[in-house]
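In: sequence plus predicted model, see below.
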There are 2 protein chains.
Amino acid sequence: MSEELTGRLIGDKISLGQEALSDLYEQGYFGRPKGKGLELSLVEAAYLLDRTRIRVLFGGDDLDFRSFFQAASSLEKGFEFRYVVYKDLRERGYYVQPGRPDFRVYPRGGHPGKSPAEFYVLVISERMPLPLQEIMQSVRLAAQMRKKLMLAIVDEESDITFYEAKEKVMSGLMETVEGGGMATLLEDRVVLWDPEASRRLHEGGFYGKPVGERLQLSLVESAYLLDRGMISLVDRAGIAIDQKDFAARAKLIESDFDSKFSVYKDLRDKSLVVKTGFKFGTHFRVYKQVKGPGKVPHSEYLVHTVSVDHVFLPPVLSRAVRLAHSVRKLMIFAYASDEVRYLEIKRLKP
Amino acid sequence: MSEELTGRLIGDKISLGQEALSDLYEQGYFGRPKGKGLELSLVEAAYLLDRTRIRVLFGGDDLDFRSFFQAASSLEKGFEFRYVVYKDLRERGYYVQPGRPDFRVYPRGGHPGKSPAEFYVLVISERMPLPLQEIMQSVRLAAQMRKKLMLAIVDEESDITFYEAKEKVMSGLMETVEGGGMATLLEDRVVLWDPEASRRLHEGGFYGKPVGERLQLSLVESAYLLDRGMISLVDRAGIAIDQKDFAARAKLIESDFDSKFSVYKDLRDKSLVVKTGFKFGTHFRVYKQVKGPGKVPHSEYLVHTVSVDHVFLPPVLSRAVRLAHSVRKLMIFAYASDEVRYLEIKRLKP
């Protein structure tokens, strides 16, 4: 015990003397040099205390791990989560420093002063609702500093799941196709009756689902084709429906039609093929290219539309990304602000 | 065209003469004998009309498929979905009759009059919110009649996903374990400090997560152990917390704590091991038996707690079941009514 360094808990920092600089900073990149000594954050101190590398004094007391942990947990909101993540990354052999949003992580073989950090880390509790804009803020901060953003979600049993989050540029390889033909809006879907137009749209653009020689179109497909002047549309009484009228009816059938459609349109305009993702519990599955109904490849993306002020629940996020990975697709969340933006979230195994 | 049988649309039924009995009923089990003739439902008639097996007269008109389909879609709510499902099952070679909730399906090789139906079918639109109690009503109806219940969910592109739904009896093989020791409630989790009790609870009951010689316990684990008198608990100030007080605090941290806990308790009481299902986006993953931390088997079930008046959104249901299958587990929804009940939903490939 005589070899332990002694620190003092002052506010939410732990101050150590000069000898800590060589023992802790230079050998393990713990803490930051301050004046002639070293300053540790609460998580760093807890980690070193648990390893009996330091002692921590507070007032007249020499705090044991349990007392220090309980004190730190009261001093710093989210301390427990940050501690779990810090400990995990350190034990995997990474150098970790406090930073924005929570930590900076150095690449394997790198350390402070030698190489730039590779990741910014945002620590999230499973129970903490997570606003999309909070993720985007961290995504942008990281991108500005040319870092990757790591999300570290701590579940109720203190297991951690790591994700990388980044903005995604979407683009595909489809060529434009010629439309034509008259369609009818039924209860909540559209039937295109003309066999020639049905064949063209399905083979050239992978629109709709053939039912005999007819083509069943989903609401977003119909709206897009109508918007592009590629079909004309009537209701069951034979009365013409224009684009605006159709959007109003579609919204009654499907309350999030507008946001779904703006994403559908953006993706189709970017030469991607967009089909329902129902079997995967998302709005869309997306292909870069479909060369014909007989040659449908594996779809690359699952895309789910959210509003700009969406708040994620971590378990729902976890489920979506997990499912996408299990079917070898990338999970993309799309939202419309000034333009449609895409957030890719994928599992990381640090 | 001269060989087609002629039917008349009257109300929402189609009446055909005596010759239809031998041509349609006896050879394909379409319709039901009525008086000296045969009566078809709208979906049966649409199916036969599309195959030019019948003509349908209405007033003075001979309806083509398009006119009949539009008329039927106006006459019967949900006609389009039922038609898609009926057509699909017929084309797979099953005999299908209208029935409760939507159809009866006969086993391969069976038909009306020869063998009892195997499945009752509930047809669901992807866009239709689906109350748990509506599923349970059909589950019970089917169980009473010794049938299986098939859910046929039609997505916006008219693709169908089939599920089987049934009540599940849950039971495991774990033996009781001795507790002991003092734990502290931190920000939103509990730490058991005693090394001996920590080891016993983790090895014997797979409770908690070891952190060094300590054991981190989740809220439901802590509540259960407290309820069983297997641990005692204090807050960060050292003040004792009893079971009722803990439940109140846990509810502030986790709004659905009560319902989660009642399911956790029921499963643990039934000798199962219950751990968080966070990585799968569900409340719990459940094991029949864990013989020790070094021998953790594959968990058999994912269990998600819902309220008795829960309303499923079909895409969310689809995602949960799909994910469970992709990790080779059964998806179980649990709800507390008079007692805790379990609804198993699994993919069917008819």
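Out: Looks like it arrived, so ask away. Numbering: from 1, shown residues only, chains lettered A, B, ... in the order given.
In: use CA for all of it now, contacts and neighbours both
Out: Fine.
In: any buried residues in the lowest-mean-pLDDT helix or strand in chain A, and which?
Out: Using mean pLDDT, DSSP states H and E, strand A:209-211 stands out as the lowest-scoring helix or strand of chain A, at a mean of 89. For strand A:209-211, the neighbour count (16 or more other CA atoms under 10 Å in any protein chain shown) marks A:209-210 as buried.
In: near chain B at all, that strand?
Out: Yes - Strand A:209-211 is in contact with chain B by CA under 8 Å from any CA of the partner chain, via residue A:209.
In: number of residues surrounding residue A:14?
Out: 21 (other CA atoms under 10 Å in any protein chain shown).
In: what residues does it make contact with?
Out: Taking CA atoms under 8 Å, 6 or more residues apart in numbering or on different chains, we find residue A:14 in contact with A:7-8, A:39-42, A:45, A:56.
In: by neighbour count, which of the residues you listed wins?
Out: Most surrounded of these: other CA under 10 Å gives residue A:45, at 28 neighbours.
In: got a list of what that one touches?
Out: A:14, A:54.
In: quick revisit: between the contacts of residue A:14, which sits nearest residue B:291?
Out: Of all the contacts of residue A:14, residue A:45 has the smallest distance to residue B:291: 36.5 Å, by CA to CA.
In: now the closest one: which helix or strand?
Out: According to DSSP states H and E, residue A:45 maps onto helix A:42-50.
In: please, where are all the helices along the stretch 1-150 of chain A?
Out: Ranges of helices in the stretch 1-150 of chain A, per DSSP state H, counting those that start in this stretch, are A:19-20, A:26-28, A:42-50, A:65-75, A:79-91, A:132-144.
In: tell me the most buried of those helices?
Out: Of all the helices of the stretch 1-150 of chain A, helix A:42-50 carries the top mean neighbour count, a mean of 22, counting by mean count of other CA atoms under 10 Å in any protein chain shown.
In: how far off centre is that one?
Out: Relative to the chain's own centre, helix A:42-50 is displaced by 30 Å; criterion: CA atoms, centre = their mean, to the nearest Å.
In: ok, back up a step: counting by contacts, list what the least confident helix or strand of chain A packs against.
Out: Packing partners of strand A:209-211 (3 or more CA pairs under 8 Å, 6 or more residues apart in numbering or on different chains; DSSP states H and E): helix A:195-205, strand A:214-217.
In: give me the nearest residue to the residue of the stretch 1-150 of chain A found nearest chain B, chain neighbours excluded.
Out: Residue nearest to chain B within the stretch 1-150 of chain A: residue A:70 (6.0 Å; CA to the nearest CA). Among residues not flanking residue A:70 along the chain, residue B:236 sits closest, at 6.0 Å (CA to CA, 6 or more residues apart in numbering or on different chains).
In: picking that back up, now pLDDT too, for the contacts of residue A:14, in TSV please.
Out: Formatted as TSV, those follow (pLDDT from 0 to 100):
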residue	pLDDT
A:7	96
A:8	96
A:39	97
A:40	97
A:41	97
A:42	97
A:45	97
A:56	96
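In: and the residue lying closest to residue A:148 once chain neighbours are set aside, how many residues sit next to it?
Out: Nearest non-adjacent residue to residue A:148, counting by CA to CA, 6+ apart: residue A:119, 4.7 Å away. If you count neighbours by other CA under 10 Å, residue A:119 ends up with 21.
In: quick one: residue A:119 and residue A:108 touch, right?
Out: No - Residue A:119 is beyond contact range of residue A:108, at 11.4 Å (criterion: CA atoms under 8 Å).
In: for residue A:73, what are its contacts?
Out: A:79-80, B:186-187.
In: what is whichever strand or helix holds residue A:268 packed up against?
Out: Assigned by DSSP H and E, residue A:268 belongs to helix A:257-269. Under the contact criterion of 3+ CA pairs under 8 Å, 6+ apart, helix A:257-269 touches helix A:219-227, helix A:243-253, strand A:273-277, strand A:301-305, strand A:330-336, strand A:340-348.
In: now the third one: average pLDDT?
Out: This means strand A:273-277. Regarding strand A:273-277, the rounded mean pLDDT is 96.
In: repeat for the first one
Out: The average pLDDT for helix A:219-227 rounds to 96.
In: with the last one instead?
Out: What strand A:340-348 shows for mean pLDDT is 97.
In: angle of that strand against helix A:132-144?
Out: On the basis of axes from the mean of the first three to the mean of the last three CA atoms, to 10 degrees, strand A:340-348 is oriented at 80 degrees to helix A:132-144.
In: roughly how far is strand A:340-348 from the heart of the chain?
Out: 4 Å.
In: with the fourth one instead?
Out: Chain-centre distance of strand A:301-305: 11 Å, with CA atoms, centre = their mean.
In: so which residues make contact with the following helix or strand past it?
Out: Moving toward the C-terminus from strand A:301-305, the next helix or strand (DSSP H and E) is strand A:311-312. In this structure, residues lying in contact with strand A:311-312 by CA under 8 Å, 6+ apart are A:129-132.
In: of those residues, select the buried ones using a PyMOL command.
Out: Buried members of the contacts of strand A:311-312, defined by 16+ other CA under 10 Å, are picked up in PyMOL with:
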select buried, chain A and resi 130+132
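In: which of the contacts of strand A:311-312 fall in strands?
Out: Counting by DSSP state E, those place A:130-131 in strands.
In: near chain B too, which of the contacts of strand A:311-312?
Out: When CA under 8 Å from any CA is applied, no member of the contacts of strand A:311-312 is adjacent to chain B.
In: related to what we said a few turns ago, residues touching the residue nearest to residue A:70, list them.
Out: By CA under 8 Å, 6+ apart, the neighbours of residue B:236 are A:70, B:184-186.
In: can you check residue A:8 too?
Out: By CA under 8 Å, 6+ apart, the neighbours of residue A:8 are A:14-16, A:56-58.
In: quick check: angle from the helix holding residue A:45 to helix A:79-91?
Out: Using the same axes, to 10 degrees: helix A:42-50 against helix A:79-91 is 60 degrees.
In: near chain B, which residues of chain A show up?
Out: A:70, A:73-74, A:78, A:80, A:126-127, A:155-158, A:161, A:186-187, A:189, A:208-209, A:216-219, A:236, A:253-254, A:276, A:278-282, A:315-320, A:322-323, A:326.
In: just the buried residues from those residues, in ChimeraX please.
Out: Buried residues among those (16+ other CA under 10 Å), as a ChimeraX selection:
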select /A:70,73,78,80,126,127,155,156,157,158,161,186,187,189,208,209,216,217,218,219,236,253,276,278,279,280,281,282,315,316,317,318,319,320,322,323
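In: could you find the closest non-adjacent residue to residue A:101?
Out: residue A:122 (5.4 Å).
In: the one you found and residue A:153, how far apart?
Out: 8 Å (CA to CA, to the nearest Å).
In: do the same with residue A:121
Out: 10 Å.
In: thinking again about what came up before, most neighbours per residue, which of the helices and strands packed on strand A:209-211?
Out: strand A:214-217 (a mean of 24).
In: what residues does that one touch?
Out: A:189-195, A:198-199, A:202, A:207-210, B:157-158.
In: and of these, the nearest to residue A:264?
Out: residue A:207 (12.2 Å).
In: what's around that closest one, how many residues?
Out: So residue A:207, with other CA under 10 Å, has 24 neighbours.
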